[in-house]
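1. Sequence isn't available, so here's the structure alone:
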């Protein structure tokens with residue numbers, strides 16, 4: 001493939017039409033526009049190549065407009081894995097919070113597939129490479145790159161405002177150590193009207209979190225509420241997101257976070273459960289690095305919405321899957337998971353089938 005000249009190659013039948021790839025002489029996958037004979041929509045754009053951790057660090061989120069059908073995949077290994085996205089096929093939308101390292105270059109390969117017409121990337125700084133690829137869909141939040149409560153809340157505030165502005169139906173937020181099966185996510189969200197109050201996710205605690213609400217004039221009030229951990233991902237319907245506006249829009253989100261001195265995902269839970277009185281709808285299909293991922297069986301992987309990786313009880317915490325790639329090549333197991341679910345993906349070994 002590295003010797004191929006420029007040219008369009010039709011994507012596998014498992015992907016939504018029209019999806020065309022263009023391979024250059026170095027084997028990189030670039031965009032190739034085309035028209036669908038049945039839908040008349042433009043082909044979605046894909047790109048493959050290496051990104052630096054500097055670029056990687058600045059990617060903070062994306063909004064997916066699922067009124068269109070698209071294919072998106074992005075992954076970086078070595079402890080900084082960006083969300084994988086597959087097919088979006090219903091009238092839903094989501095936002096994805098992505099974080100990574102900044103100081104050094106990543107080793108190839110780093111795959112990055114985007115449906116540009118439906119994706120927005122939130123960053124914490126200007127990056128010419130990302131801007132060149134994404135155009136106006138690369139949004140600089142001007143937030144700090146730190147992992148502090150204030151920085152995280154700043155980014156969440158921008159994501160929230162952009163979601164409200166977008167008119168999309170669902171806001172879904174995940175971390176950089178998640179694999180997101182969007183096809184399963186969309187199927188799950190289709191059970192719930194986006195106009196109703198829906199807060200869907202998985203708590204990382206076995207009890208409500210306790211906090212102190214600062215009321216002013218040195219007065220304080222204890223509060224407790226459930227929140228869906230951002231490490232597993234969560235979704236908020238548009239109907240509920242609109243009700244959050246007095247505490248979340250136009251910079252109010254950061255003020256609310258300071259009021260309870262908790263980070264972004266906790267603040268979302270505080271606004272929804274404690275202030276608005278809407279309970280968390282729990283789903284065991286979301287998974288974070290805070291749980292034992294070895295308990296997710298191979299036969300159940302296709303049902304999950306998000307997966308993760310990391311450390312659990314001082315041991316490597318990954319999905320127990322032999323898969324298409326060795327652990328040394330795929331430490332998160334995300335590439336192996338993807339090839340298990342979508343064996344027709346061009347870079348998956350042909351012998352891998354679900």
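-> Okay, I see it. Note that the structure is predicted; figures quoted are calculated from it, not measured.

2. Touching, residue 125 and residue 140? I think so.
-> Yes. Counting by Cβ atoms under 8 Å, residue 125 sits close enough to residue 140 to count as a contact (6.5 Å). C-beta here means a position set from N, CA and C on the backbone, and glycine is covered the same way.

3. Average pLDDT for the strand or helix carrying residue 165, rounded please.
-> Element membership for residue 165 (DSSP states H and E) is helix 149-166. Averaging pLDDT along helix 149-166 yields 90.

4. Walking through the stretch 101-250 of the chain, point out its strands one by one.
-> All strands of the stretch 101-250 of the chain, identified by DSSP state E, counting those that start in this stretch, fall at 111-113, 119-123, 138-140, 170-173, 178-180, 199-201, 209-216, 219-225, 234-237.

5. for the last one, which positions count as buried?
-> Yep, that's strand 234-237 we're talking about. Neighbour counts over strand 234-237 (16 or more other Cβ atoms under 10 Å) mark 234, 235, 236, 237 as buried.

6. With stretch 317-333 instead?
-> 317, 318, 319, 321, 323, 324, 325, 330, 331, 332, 333.

7. And these, which is closest to residue 163?
-> Top of the list for closeness to residue 163, among the buried residues of stretch 317-333 and by Cβ to Cβ, is residue 332 at 27.2 Å.

8. Residue 177 is in contact with the closest one, correct?
-> Yes. Here residue 332 reaches residue 177: they are 7.4 Å apart, a contact under Cβ under 8 Å.

9. Flag the shaky bits of the chain, pLDDT-wise.
-> 1-120, 176, 351-354 (pLDDT under 70).

10. How about the secondary structure of residue 327?
-> Using DSSP: H, G, I helix; E, B strand; the rest coil, the structure places residue 327 in coil.

11. Ok, the one 10 residues further on next?
-> For residue 337, the secondary-structure state derived from three-state DSSP is helix.

12. Grab the nearest non-local neighbour of it.
-> Distance criterion Cβ to Cβ, 6 or more residues apart in numbering; nearest residue to residue 337, sequence neighbours excluded, is residue 179 at 5.6 Å.

13. what's across from that neighbour in the sheet?
-> Under DSSP bridges, the beta-bridge partners of residue 179 are residue 307.

14. can you count the residues close to residue 197?
-> Other residues near residue 197 come to 19 when the count uses other Cβ atoms under 10 Å.

15. should've said residue 245
-> Applying other Cβ under 10 Å, we find 15 residues neighbouring residue 245.

16. My guess is it contacts residue 164. True?
-> Yes. Counting by Cβ under 8 Å, residue 245 does reach residue 164; the two are 7.1 Å apart.

17. for the stretch 251-354 of the chain, what spans make up the helices?
-> Along the stretch 251-354 of the chain, the stretches classed as helices by DSSP state H, counting those that start in this stretch are 252-260, 264-269, 334-341.
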